[in-house]
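**Student:** Give me the fold of what follows.
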Amino acid sequence: MRRVLLSSYLGSAVEFYDFLVYGTAASLVFGQIFFADLDPVVGTIASFGTLAVGYVARPIGGIVFGHFGDRLGRKKMLVLTMSLMGVASTLIGLLPTQAQIGVLAPLLLVLLRIIQGIAVGGEWGGATLMALEHSDMRKRGFAAAIVNSGAPTGAVLAATVMGLFSLLPEDDFISWGWRVPFLLSAVLVAISLWIRLSISESPMFKHAQDATDLEGAKPSTLPLIAVLRRPQVVILASLSGAGALAFQSLMATFGLTYATLGGIDRSSALFAASVGAVINVFTIPLSGALSDRIGRRPVLLAGFGTGIVLVYPILQMVGSGNLVLLMLGYVLGYGCIVGTLFGTLSSFISEQFSTTSRYTGASLGYQLAGTFGGFAPMIAVALLDATGGTSATYVAAFVAAAFAVSATAVMLTRESFRKDIAA
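**Tutor:** Numbers count the residues shown, from 1 in each chain. From the prediction side, this is the model:
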């Protein structure tokens, strides 16, 4: 069990390191080198647009890898998703700029971002289910949360590495410094693949597969069809995660842009984000453990309610130009609110589906929410620009509305923390 949790945690950390290095680069660099011929605001929106493309691709990855994960096994798909992510990230680090190859540069960037999105779309479901399905019922929330805590670990690593290279002179950072964090992913992927290859397949999946083999026939219903026969479950699962994923994406990317507009230098903004992510690493498993005691819904509703109340003050802190307030904003927003929500969402969503279609259903529900989250930074930049870049009131209202929708979806979904999911 320890090896399974370590594998899922490290795999998630590396996948999200790659995914979030891109988000950091999109907020700080890509607008200048891949969209240099556009107005700076439009270039930033276009850069965040390429970020959103990865989120759009995530449901595709969830469906494709979910199908084969439900048919062939969780472990095989996890090895494949990590390999895809490593190749895509390394190639982004080697990509020529628009000044060198013209319009082909942003097109290749979008293509590689799509591959990243497909890989992450398959990774989350498989890693979560490996932990969840190896665990006993009383610790499922904590086990699944360990996987999700890999995401802020990856974020800390991404922000730290990118922050160190951002200390380079501006010209050096723009020309080559931003590339090194992408190239480092090849080493991280190799280490994680070595650990991942040593773990055993999910016992719940093997039991379901053995039962099918005894019946002498393969399932006639595709996993996706089985999931879509109960569309309300997927819709509610997706809506329950939309607010959390939107806010997480916004804090990880738009927050950096907003902080620099307020007068904070690039490396300090990245450091503040890292502090929030470090707190996040611990609040996620604590939230998962709490949900094993009192239920998934109470924890999620507490997180969304707190977010509605605090989102405006948090954004004011992020854009204040004061480093202490910026750090506090990230601790409250990224460390506490996102941590509370992400620590419970993975088990809450996964427990809504049966074993034979759980990889597909959980991945689709979660990644559809992630697609909405991927557009959040682009929407936030447009809303900020509508006020002349001086007020985050519209952005706060947008996030609060997303939290309210998610809270409503949670209230309409059945509690699952004592449910037998072995069927």
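
**Student:** Where does pLDDT dip in this protein?
**Tutor:** Counting by pLDDT under 70, the low-confidence segments of the chain come to 211-220, 389-390, 423.

**Student:** now stretch 364-378: how far from the chain's centre is it?
**Tutor:** For stretch 364-378, the gap between its own C-alpha mean and the chain's C-alpha mean amounts to 9 Å (CA atoms, centre = their mean, to the nearest Å).

**Student:** ignore the last one, stretch 273-285
**Tutor:** Relative to its parent chain, stretch 273-285 has a centroid offset of 14 Å by CA atoms, centre = their mean.

**Student:** go on, stretch 52-60?
**Tutor:** Using CA atoms, centre = their mean, the offset of stretch 52-60 from its chain centre is 11 Å.

**Student:** who touches it?
**Tutor:** Identification of contacts with stretch 52-60 by CB atoms under 8 Å, 6 or more residues apart in numbering yields 19, 22, 110, 113-118, 120-121, 249, 363-364, 367-368, 370-375, 377-378. In this view, the C-beta of every residue, glycine as well, is placed from N, C-alpha and C.

**Student:** Then stretch 74-81?
**Tutor:** The contact list for stretch 74-81 (CB under 8 Å, 6+ apart) reads 11, 15, 61, 65, 68-69, 119-120, 122-123, 126-127, 129-130, 133, 193, 196-197, 199-202, 205, 359.

**Student:** And the residue nearest to Ser268 when sequence neighbours are not counted, how far from Ala392?
**Tutor:** Using CB to CB, 6 or more residues apart in numbering and skipping the chain neighbours, the partner closest in space to Ser268 is Leu323 (5.6 Å). Here Leu323 is placed at a distance of 18 Å from Ala392 (CB to CB, to the nearest Å).

**Student:** The two: who's more crowded?
**Tutor:** When Leu323 is set against Ala392 and neighbours are counted by other CB atoms under 10 Å, the residue ahead is Ala392, at 24 against 16.

**Student:** these two touch, right, Ala25 and Val161?
**Tutor:** No - taking contacts as CB atoms under 8 Å, Ala25 lies outside contact range of Val161: 11.1 Å.

**Student:** Give the residues shared as contacts by the two.
**Tutor:** For the pair Ala25 and Val161, residues contacting each of them under the criterion CB under 8 Å, 6+ apart are Pro181.

**Student:** neighbour count winner among those two?
**Tutor:** Summary of the neighbour comparison: Ala25 and Val161, criterion other CB under 10 Å, with Ala25 having more neighbours (25 against 19).

**Student:** Give me the nearest residue to the more buried one, chain neighbours excluded.
**Tutor:** If the residues on either side of it in the chain are set aside, Ala25 comes closest to Trp178, at 5.3 Å by CB to CB, 6+ apart.

**Student:** Next, give phi and psi for the one you found.
**Tutor:** The phi and psi values for Trp178, taken as degrees, to the nearest 10, are phi -70, psi -20.

**Student:** Quickly note the distance from it to Asn148.
**Tutor:** When Trp178 is compared with Asn148 (using CB to CB), they lie 27 Å apart.

**Student:** So for the two, which sits in the more crowded spot?
**Tutor:** Neighbours of Trp178 and Asn148, each counted by other CB under 10 Å, are more numerous for Asn148; the result is 30 against 23.

**Student:** can you pull the contacts of the more buried one?
**Tutor:** The neighbourhood of Asn148, defined by CB under 8 Å, 6+ apart, consists of 12, 128, 284, 288, 342-343, 345-346.

**Student:** Could you list the buried residues of the helix or strand harbouring Gly54?
**Tutor:** For Gly54, the enclosing helix or strand under DSSP states H and E is helix 40-71. Of the residues in helix 40-71, those scored as buried under the neighbour-count criterion (16 or more other CB atoms under 10 Å) are 43-71.

**Student:** What about the residue lying closest to Phe271 once chain neighbours are set aside, how many residues nearby?
**Tutor:** Among residues not flanking Phe271 along the chain, Gly163 sits closest, at 5.8 Å (CB to CB, 6+ apart). Residue neighbour count, defined by other CB under 10 Å, stands at 20 for Gly163.

**Student:** Next, find the distance separating Gly163 from Leu270.
**Tutor:** 4 Å.

**Student:** Kindly report the same for Ala99.
**Tutor:** Using CB to CB, one gets 25 Å for the distance from Ala99 to Leu270.

**Student:** swap in Gly329?
**Tutor:** 14 Å.

**Student:** go on, Leu368?
**Tutor:** Using CB to CB, one gets 29 Å for the distance from Leu368 to Leu270.

**Student:** Please apply the same query to Tyr9.
**Tutor:** Distance of Tyr9 to Leu270, given as CB to CB: 23 Å.

**Student:** swap in Ala186?
**Tutor:** In this structure, Ala186 and Leu270 are 22 Å apart, going by CB to CB.

**Student:** Can you pick out the residue with more neighbours from these two?
**Tutor:** Set side by side, Ala186 and Leu270 show unequal neighbour counts under other CB under 10 Å, the larger going to Leu270 at 26 against 13.

**Student:** tell me the contacts of the closest residue to Ser274 other than its chain neighbours?
**Tutor:** Taking CB to CB, 6+ apart, and ignoring the residues beside it in sequence, Ser274 has Ala159 as its nearest neighbour in space, at 4.3 Å. Taking CB under 8 Å, 6+ apart, we find Ala159 in contact with 20, 24, 270-271, 273-274, 277.

**Student:** from those residues, which two are the most distant?
**Tutor:** Taking every pair in the contacts of Ala159 and measuring CB to CB, the maximum separation is 15.1 Å, between Leu20 and Phe271.

**Student:** who has more neighbours, those two?
**Tutor:** Under the neighbour definition other CB under 10 Å, Leu20 and Phe271 were set side by side, and Leu20 has more, 27 against 20.

**Student:** Tell me which other helices or strands the strand or helix carrying the more buried one touches.
**Tutor:** For Leu20, the element it lies in under DSSP H and E is helix 2-25. Under the contact criterion of 3 or more CB pairs under 8 Å, 6 or more residues apart in numbering; DSSP states H and E, helix 2-25 touches helix 40-71, helix 74-93, helix 104-134, helix 140-148, helix 150-165, helix 179-196.

**Student:** Out of the ones you listed, which gets nearest to Phe34?
**Tutor:** Proximity to Phe34 (CB to CB) singles out helix 104-134 among those, at 4.6 Å.

**Student:** for that closest one, packing partners?
**Tutor:** For helix 104-134, the helices and strands in contact under the criterion 3+ CB pairs under 8 Å, 6+ apart are helix 2-25, helix 40-71, helix 74-93, helix 140-148, helix 203-215, helix 339-350, helix 358-386.
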